[in-house]
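In: My questions concern the predicted model and sequence given below.
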Amino acid sequence: MEEKSAKTDWEPRIVGFVCNWCTYAGADLAGTSRLKYPPNVRLIRLPCTGAIDPLFIVKAFQSGADAVLVSGCHPNDCHYTSGNYHARRKLTVFKDLLEFTGLDPKRFWMSWISASEGQKFASFMEEIVTETKKLGPLKGYNN
Amino acid sequence: MANIGVFVCWCGSNIAQTVDVVAVAKAASEFKDVVYSVDYKYMCSSPGQNMMIDAIKQHNLDGVVIASCSPRMHESTFRSAAVLAGFNPYMVEMANLREHCSWVHDNREEATKKAIELVRMIVAKVARNAPLNKIYVPVTKRALVIGGGIAGIQAALDIANGGVEVIMVEKEPSIGGHMSQLDETFPTLDCSQCILTPRMVEVATHKNITLYAYSEVDSVEGFVGNFKVKIKRKAKCVIEELCTGCGLCTQKCPVGKKGEVMNEFEVGMAPRPAIYIPFPQAVPNIPVIDRENCTYFKTGKCGVCAKVCVAKAIDFNQKDEIVEEEVGAIIVATGYDLYPKDSYGEYGYGKFKDVISGLEFERMVSASGPTKGKVLRPSNGKPPKNVVFIKCVGSRDEKHGISYCSKICCMYTAKHAMLLHHKCPGAKAYIFYMDIRATGKGYEEFVKRAMEEEGAVYIRGRVSRIYKRKDHLVVVGADTLTGKPVEVEADLVVLATAIIAKDGADKLAQILKISYDTHNFYNEAHPKLRPVETNTAGIFLAGCCQAPKDIPDSVSQGSAAASKALALFSKKELEREPLISRVNEEFCVGCLACQPVCPYNAIEEKEIRDRKGNLIKKVAHINEGLCMGCGACAVTCRSGCIILEGFTNNQIFEQINTFENLISKFEPTPEETVAKK
Amino acid sequence: MEDIINIARELIKRDDIEAIIGYEKGRAPFQTVPFFARTPEDCDKLIMNSLCVNNLVSYINQFSGKVAIFVKPCDAKALVGLLQEHQIEREKLHIIGINCQGALNPKKLRNAIKGRMVKDWSINGDKIKVYYESGEEEFNIKDFLLDKCPACDTRTPPIYDELLGDEIKTADLPELLARVKELEKLPAAEKQQYWNEHFERCLRCYACVKICPLCYCERCFVENASPQWIDKSNNLKSNKAFHLIRAYHLAGRCIDCGECDRACPMDIPLRELNLKMRKSVEEHFNYVPGKDIDVPPPLSTFKKEDPQDFIR
Ligand SMILES: Cc1cc2nc3c(=O)[nH]c(=O)nc-3n(C[C@H](O)[C@H](O)[C@H](O)COP(=O)(O)OP(=O)(O)OC[C@H]3O[C@@H](n4cnc5c(N)ncnc54)[C@H](O)[C@@H]3O)c2cc1C
Ligand code: SF4
Ligand code: SF4
Ligand code: SF4
Ligand code: SF4
Ligand code: SF4
Ligand code: FES
């Protein structure tokens, strides 16, 4: 704990893999509604959550992400009808593996955020940043 | 070695107020591969776009990053501008500095740092972009319409009038569907046959329409623009070309005289012969032999029809026949069925003769129907005094597995009350209802008329049971408005039975590879924005096969589906976005893990053979006419044999890699410099 | 032994069968090797005992015609996976099922003989007899089983055309996932330490991938060079990525033959990762690999009502 608070200049890095149709649009809405959230988040836009490869998540952790978010359309709403269901299955298993090999569950997040949920997007970013700050920098992927 | 240009937009003050855009442009100029970097007040304005175009030429750019608003806003703007400059549009990407940065952050320093990072990510991506070209798929200009109810008829006529050939396949001997069974239609009470028959005839005579009645779709192969359809034409045992439609055969056929075969069209209220035309206005007006009930087919003897036919049109040896047609689009308009009699024992349907369905009532009031338009009690053939109508029979009833509202029963029950009033003066209508849903144009007024002018008594409540007392039926229910039990002694009870999916709808869906819901109604591609498309490109929906609806809605959907098909036919080739997935056949092992993942059935197995025709291996193949670029298959392939153009692993990895060393500092731009710009 | 030779001799007479895939005795002590019988005489060399540990299914595609193959439950499970994943055509196979009460771990046996020269060995019932230059010694097979065997619930192959003997039902097995559950209880940091220490030692020799019956990819993701998916160099960072993705690729597919574990020169406990994936897929999607050919693999399908407790 002391070690972490000593590093005052440390800011968590959050990578979000999001689908174009819902969560990316939800983040756009957060913008048009001028909601505020911490600047630690970088979104990578993909067509659908179904297009998010678990390897992207590993790569993100390796490249210094302290937490990773995957987010897309609510069930039934996927632009391609089923990408989110496939993503849910694959990432359920992969998340189990990450946890089994020692990743804190609070470093991998998944959510359904629709194009109309700008508020949910903003407050969720706030929460992830807060939680990640509590955990401190991620170790064990890069070093 | 890329030559990337970065264009940082101020968006007036929208971005510039919180992000030091000048510093962003400056920082970007130092990124790998960036050869040109500027900031500008409004990139999307035409001077802004021209600036991009000029820079592409001047600096020989092969990649462009517009750092401005959301790509969901202006990606197409900048990509189109690129095309004007002869530049490959897919080499243009956007960094979202407005919605995802300046508008959501307050701290100028932090926002600027983030903006620099965002630009760097997109620069890294563009460096890995590849120029892509639109995909063109040839289109066969011919449509298939399955189902000849009003929805299918409308679609077929619209397409045919648009100058495109139509093949219509109808399962029954005649087109017309349920509408041909109706008497008068709400909300205007115009005669159903009078408005429908001309359209049916138009279908039969239209030079662009080929009608296959008494036929079904057997198989469908191919994809949008290029379907190959096999149609099974059931043997009519009547040679169409010879038959004059005189109907002599149907009069002489000995079958049906004792009521052993009942006419489906009359909902079983009148008999029909084995060789029959379902109703006088049928199209085509050619009889068919119902082989199951024909004496000749049963015993080898009879042949009366053949003897009386002057045209020599009867052919007992006719066989079912398969015809093949190529079409570019398919419209499914297979309509609905009604909740069957025996499933509603509570109300004595199927048990008491005087409990009938709405459709039976409809035939009864029809002038050409089994009772010649008179409302009569089936039990004794006398006119009823009191008629009880019960709505929501099966509908909105989880107990019966039907959670949905059948949508039309409120209206046609009001109509029935009026028709009763008109055709059976002195008879009284009692209507048990749960709600009244009268949401169409003129509908509320229509119901009001039934209540106020035509004397229908509306009782809010569910009927709990019906029992027989002497010659009458006693309908027992509770009036939920007064809280009191009610009992009506009725002579006739009419049930507004639920609309359910057409029998066999699921099988047809499997042939077409379209999806259906738990009630077997077909799924539209998007409940709001793509209501007549299916998830299978080139296949559209019209009418009640998608969900219960009335005639105006069925017709609108028919026209909508037709316009979708016509749009598809408007070009020689179908133009598609190249942002789709491709299989690397060299390494694909044909495991087909990818296949079930694709929501559009775009993936099929392909055999790779050498010159001599020996099988080398089997691989997955993605049909570029069908792939929508969702990327689910690419992620499913373990060995990475599928790449999703526009979002390749290469591109995504590069974006992720920029995280390894973050920009920790930038040089803030002095106020004066900004002011001068 | 008589049985299998007789069956084989009958089968090879058939016109449609090109070869019979089985085992013969190898040169090294306790070794059996794959053997392809093409003539009736060849058939006499065939053996089948608890030292027949290699998985034979990977040899099927070397033949263009139809083959007969002896399969133990483990092989049969792999076969189910390969049929399910379109790697083998069912019509080209005649499957002879062999029951299994556990297979011997040759490594463990070699340790037990403490470096003495082995002249020969023979298996009789639940005993193995070892003949040295001078003298002989008898061991109980059940003391030398492969790790996977005691808890294995499949003693009769899930798929066969003919079965030698009767179907065996199992009861009172030790808990298969005991070790996984134990590891799950560790705090995150300890889990990470445990695995990182193992991953760090990995040589990236890919013996585990090469031996796995379900790792049949023509190009494993680790070899994918454009772009380089995973850094080729051997360090914790890239080793960990390799291990996470390898284990994930076997999720819902690994049939717990234990071959990877056995092949690893560094004794990295790959089976623990595989079993974790097995547990996850079974828990969430109620699916166990290696049972049914006709269902699609669990990570290629979904149910609308799949659990999503962790999703916000
Ligand atoms: C009692 C009652 C009264 C009604 N009154 C009114 C009213 O007054 N006003 C109003 O607006 N609406 C009314 N309706 C609703 C109206 O019937 C429907 O809106 C309309 O008929 C729907 O047309 P459709 O073409 O979708 O389906 P349908 O009329 O069911 O036509 C479908 C056609 O497809 C054919 N078909 C089915 N499956 C296949 C297949 N596999 N291959 C080939 N062909 C196939 C069928 O044989 C049929 O010809 C009433 C309905 C009922 C039950
Ligand atoms: S990208 Fe999506 S639509 Fe295209 S083939 Fe793959 S799964 Fe199907
Ligand atoms: S998942 Fe990959 S290897 Fe398997 S068939 Fe599809 S493209 Fe080929
Ligand atoms: S991962 Fe290991 S245990 Fe599982 S099937 Fe492959 S080799 Fe066998
Ligand atoms: S680890 Fe994955 S990519 Fe490599 S061979 Fe096995 S399944 Fe294929
Ligand atoms: S066999 Fe062992 S050492 Fe070799 S790559 Fe696999 S885990 Fe690493
Ligand atoms: S498009 Fe948003 S999850 Fe599929």
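Out: Done, it's in. Small disclaimer: the values here were computed from a predicted structure and weren't measured. Ligands and ions are numbered 1, 2, ... in the order given.

In: Show the contacting residues for the closest residue to ligand 5 within chain A.
Out: Of the residues in chain A, the one nearest ligand 5 is A:Leu55, at a distance of 10.6 Å by CB to the nearest ligand atom. To be clear about C-beta, it is placed using only N, CA and C from the backbone, and glycine gets the same treatment. The contact partners of A:Leu55, taken as CB atoms under 8 Å, 6 or more residues apart in numbering or on different chains, are B:Asn649, C:Phe221, C:Trp229, C:Ala241, C:Ile245.

In: go again using 10 Å as the cut-off
Out: For A:Leu55, the contacting residues are A:94, B:635, B:640, B:649, B:652-653, B:656, C:221, C:224, C:229-230, C:241, C:244-245, C:248, by CB atoms under 10 Å, 6 or more residues apart in numbering or on different chains.

In: Out of those, grab the one that's most surrounded.
Out: B:Val635 (29 neighbours; other CB atoms under 10 Å in any protein chain shown).

In: quick one: the closest residue to that one other than its chain neighbours from B:Tyr412, how far?
Out: Leaving aside its chain neighbours, B:Val635 sits nearest to A:Asp53 (4.7 Å; criterion: CB to CB, 6 or more residues apart in numbering or on different chains). Distance of A:Asp53 to B:Tyr412, given as CB to CB, to the nearest Å: 54 Å.

In: related to what we said a few turns ago, quick one: the residue of chain A closest to ligand 5 is in a helix?
Out: Yes - secondary structure of A:Leu55, determined by DSSP: H, G, I helix; E, B strand; the rest coil: located in a helix.

In: if I've got this straight, A:Gly50 is in a helix?
Out: Yes - under three-state DSSP, A:Gly50 falls within a helix.

In: wouldn't it be in contact with A:Arg88 here?
Out: Yes - with contacts counted by CB atoms under 10 Å, A:Gly50 reaches A:Arg88, the gap being 9.5 Å.

In: hmm, back to that, count the neighbours of the residue nearest to B:Val635 for me.
Out: A:Asp53 sits with 25 neighbouring residues when counted by other CB under 10 Å.

In: Now do the contacts for it.
Out: Applying CB under 10 Å, 6+ apart, one finds that A:Asp53 lies in contact with A:17, A:46, A:59, A:90, A:94, B:631, B:634-637, B:640, B:644, B:649, B:652-653, C:221, C:229, C:245.

In: ok, and of those, which contact ligand 5?
Out: Among the contacts of A:Asp53, the residues lying close to ligand 5 (CB under 6 Å from any ligand atom) are C:Phe221.

In: How is chain B divided into domains?
Out: Following automatic domain parsing, one gets these domains for chain B: B:4-133, B:142-234+B:321-335+B:502-569, B:338-499, B:581-644.

In: Pull out the buried residues from stretch B:78-88.
Out: Residues of stretch B:78-88 classed as buried under the neighbour-count rule (16 or more other CB atoms under 10 Å in any protein chain shown) are B:Phe78, B:Arg79, B:Ala81, B:Ala82, B:Ala85, B:Phe87, B:Asn88.

In: Rebuild the residues you listed as TSV, extending it with distance to chain C.
Out: Output for these, formatted as TSV (distance: CB to the nearest CB, whole Å):
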residue	distance to chain C
B:Phe78	26
B:Arg79	25
B:Ala81	30
B:Ala82	25
B:Ala85	29
B:Phe87	25
B:Asn88	21
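
In: what's the closest of those to ligand 6?
Out: B:Asn88 (41.8 Å).

In: Can you tell me the closest non-neighbouring residue to that closest one?
Out: In this structure, B:Asn88 finds its nearest non-sequential neighbour in B:Pro131, 3.7 Å apart by CB to CB, 6+ apart.
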